[in-house]
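1. quick check, what structure comes out for this input:
(one chain, ligands or ions: 1)
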Amino acid sequence: MTSLNREQITAALDSVIDPVDGQSITAKGMVQGIDIHDETVNVMIAVDPERGPALEDLRQAAEKAVAAVNGVTTARVALTAERPKAAAQQSTQPSQPSQPSRPAQPGQRPQGGGQMPLELPTVRSIVTVASGKGGVGKSTTSVNLALSLVAKGLKVGLLDADIYGPSLPRMMGLRDAKPVPSKEHQGKMIPPSAFGMRIMSIGFMIEEEQPVIWRGPMAMGALEQLLRDTDWGDLDVLVVDMPPGTGDIQLSMAQRVPVTGAVIVSTPQDIALLDARKGLNMFRKVNVPVFGLIENMSYYKCPECGHVDHIFDHGGAHKAADELGVPFLGEIPLDLKIRLGADEGKPIVQTEPEGEHSKAYGLIADKIAAAIEERVGPAEAPKKKGLFPKISFK
Ligand SMILES: Nc1ncnc2c1ncn2[C@@H]1O[C@H](COP(=O)(O)OP(=O)(O)OP(=O)(O)O)[C@@H](O)[C@H]1O
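-> Below is the predicted model:
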């Protein structure tokens, strides 16, 4: 069996012409994502929503071109609509048509391929939490870091972009919660809140046990919709729990979302670190600043006697960070309380805010907040401790 590659698909799409100006859709940067799975190829093409209905012929031509590639048995092409700037602004803030004092996209950077980054005018900064592979504790870290940023007085939102295994509804104790349509901002959803944060997850739309089979373009489309159609309110920082790995979805996510900075979570094992390096390279490729590496499950401290055991090779992430020239943000121990808290919807930073683990998360959050401030300036709202209601578990 021949294995397909992106070059073959891109070459086929070169021949698909946009009738408006006679240019190839690849040359115009309209091809947003190519996802190859065995002999199935999914392609996403970004179009102006005004033109969407008129482009069915173009979509079919692209599908035909991809289907004709040797080895392709199924070709699917989807059109994805990018809202024009004015409309996006209007639907987010109908009562305040312009806000010149605040840059809409503080993390905006030059994009390759003519792709437009998404507009999120009420979000000052976006920090993605990524990992080269699954199961390293990326979601647990995202939740606890987001809570540490809340504790610093920042307005924080949390997006679960882990479409393969959305775990934030469970980790935030929001299993039965659902977003509700916003009365104020038409077409937007108000996401559930917990611990002073608005949280959006694909998990609110699907059952946790239901396997998520969508791939590439479909997944990216769903993610974009989650980001764009959520009423986030004014945020200092949106923390995005990325899907694990460094595939197409992660890449287009990093390209399409105006990310202020990325943090990479790794466990100390070598293999995970190799994956972390891939993650780092991915962000570098698309010019997203990497705020640094976090080593999770770094060591085990016996709760009885205080003895510290380095179950996995300790310090690998620190060494790798030095070698790769990115900051090492800190280490989080392997601890039963962290696991139980995450799995029971009671994150440790919330339940034990003064505990040593919360302090470890807090120190990392300080570095992230400083890195954000360096890029987008200080938070606009005066930092107030206790801005959000304190929630305690009985
Ligand atoms: N520091 C830690 N100490 C103990 N358990 C942890 C720690 N960090 C994460 N875990 C546990 O490890 C498991 C995987 O964590 P998590 O879901 O956060 O990983 P992930 O990288 O987001 O995984 P996936 O990519 O599969 O979504 C969970 O059961 C979580 O409670």
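2. tell me if I'm right that residue 178 and residue 192 touch.
-> Yes: counting by CB atoms under 8 Å, residue 192 is a contact partner of residue 178 at 7.0 Å. C-beta: built from backbone N, CA, C; applies to glycine.
3. which residues are in contact with both of those two?
-> Here residue 178 and residue 192 have residue 204 as joint contacts, going by CB atoms under 8 Å, 6 or more residues apart in numbering.
4. how distant is whichever helix or strand residue 56 is part of from the center of its chain?
-> Per DSSP states H and E: residue 56 is located in helix 56-67. In terms of CA atoms, centre = their mean, to the nearest Å, the centre of helix 56-67 is found 30 Å from the chain centre.
5. what helices and strands are in contact with that helix?
-> Using 3 or more CB pairs under 8 Å, 6 or more residues apart in numbering; DSSP states H and E as the contact test, the elements touching helix 56-67 are helix 6-14, strand 40-47, strand 74-81.
6. can I take it that residue 296 is in a strand?
-> Yes: applying DSSP: H, G, I helix; E, B strand; the rest coil, one finds residue 296 inside a strand.
7. quick one: it from residue 36, how far?
-> According to CB to CB, to the nearest Å, residue 296 stands 31 Å off from residue 36.
8. cool, residue 174 as well?
-> Residue 174 is 35 Å from residue 36, by CB to CB.
9. try residue 267
-> The value you get for residue 267 to residue 36, if CB to CB is used, is 29 Å.
10. quick one: name the residues of this structure near the ligand.
-> Residues of the chain lying close to the ligand (CB under 6 Å from any ligand atom) are 131, 134-140, 162, 165, 167, 244, 296-297, 332, 334-335, 338-339, 342-343.
11. list buried residues within those residues.
-> With neighbours counted by 16 or more other CB atoms under 10 Å, these contain buried members at 131, 136-140, 162, 165, 167, 244, 296-297, 332, 334-335, 338, 342.
12. circling back to that earlier point, please identify the deepest-packed of the helices and strands packed on helix 56-67.
-> The highest average neighbour count among the helices and strands packed on helix 56-67, using mean count of other CB atoms under 10 Å, belongs to strand 40-47 at a mean of 23.
13. what helices or strands is that strand leaning on?
-> helix 6-14, strand 31-37, helix 56-67, strand 74-81, helix 216-228.
14. repeat the analysis, applying 6 Å as the threshold.
-> Packing partners of strand 40-47 (3 or more CB pairs under 6 Å, 6 or more residues apart in numbering; DSSP states H and E): strand 31-37, strand 74-81, helix 216-228.
15. circling back to that earlier point, strands - which of the residues of the chain next to the ligand land there?
-> Members of the residues of the chain next to the ligand lying in strands (criterion: DSSP state E): 296, 297, 332, 334.
16. contacts for the helix or strand residue 370 falls within?
-> Here residue 370, judged by DSSP H and E, is contained in helix 356-376. Residues outside helix 356-376 that contact it (CB atoms under 6 Å, 6 or more residues apart in numbering): 106, 124-125, 144-145, 148-149, 152, 260-261, 291, 329-330, 332, 348-349, 352.
17. among these, name the ones in strands.
-> Cross-referencing the contacts of helix 356-376 against strands under DSSP E gives 261, 291, 329, 330, 332.
18. for the fourth one, list each beta-bridge partner.
-> According to DSSP bridges, the residues that bridge with residue 330 are residue 294.
19. okay, whichever strand or helix holds residue 170 in PDB with CA atoms only?
-> Counting by DSSP H and E, the element that carries residue 170 is helix 168-171. C-alpha atoms of helix 168-171 as PDB (Å, rounded to 0.1, in the frame of the first residue of the first chain):
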ATOM      1  CA  LEU A 168     -12.300  19.600  31.600                       C
ATOM      2  CA  PRO A 169     -16.000  19.100  32.300                       C
ATOM      3  CA  ARG A 170     -15.000  16.300  34.700                       C
ATOM      4  CA  MET A 171     -11.900  18.100  36.100                       C
END
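20. next SSE after that helix?
-> Following helix 168-171 in sequence, per DSSP H and E, is strand 180-181.
21. who touches that following strand?
-> Contacts for strand 180-181 (CB under 6 Å, 6+ apart): residue 190.
22. quick check: closest non-adjacent residue to the residue of the stretch 151-300 of the chain found nearest the ligand.
-> Here the residue of the stretch 151-300 of the chain nearest the ligand is residue 244; by CB to the nearest ligand atom that distance is 3.6 Å. Here the nearest residue to residue 244 in space, its sequence neighbours aside, is residue 134; by CB to CB, 6 or more residues apart in numbering that works out to 3.8 Å.
23. same check on residue 318?
-> residue 328 (4.6 Å).
24. can you give me the neighbour number for that neighbour?
-> Residue 328 has 19 neighbours, counted by other CB atoms under 10 Å.
25. does it touch residue 320 like I think?
-> No: Residue 328 lies out of contact with residue 320 (CB atoms under 6 Å); the separation is 8.5 Å.
26. checking the residue of the chain positioned farthest from its centre next. Helix, strand or coil?
-> Note on the chain: the largest C-alpha distance from the chain mean falls to residue 305, namely 39.0 Å (CA atoms, centre = their mean). Put simply, residue 305 is coil when judged by three-state DSSP.
27. 787 is where my numbering starts, stick with that
-> All right, first residue 787 from here; so that's residue 1091.
28. how far away is it from residue 1138?
-> 20 Å.
29. likewise residue 1151?
-> 15 Å.
30. same deal with residue 1049?
-> 22 Å.
31. do the same with residue 1052
-> Distance from residue 1052 to residue 1138, by CB to CB: 24 Å.
32. more neighbours: which of the two?
-> residue 1052 (31 against 16).
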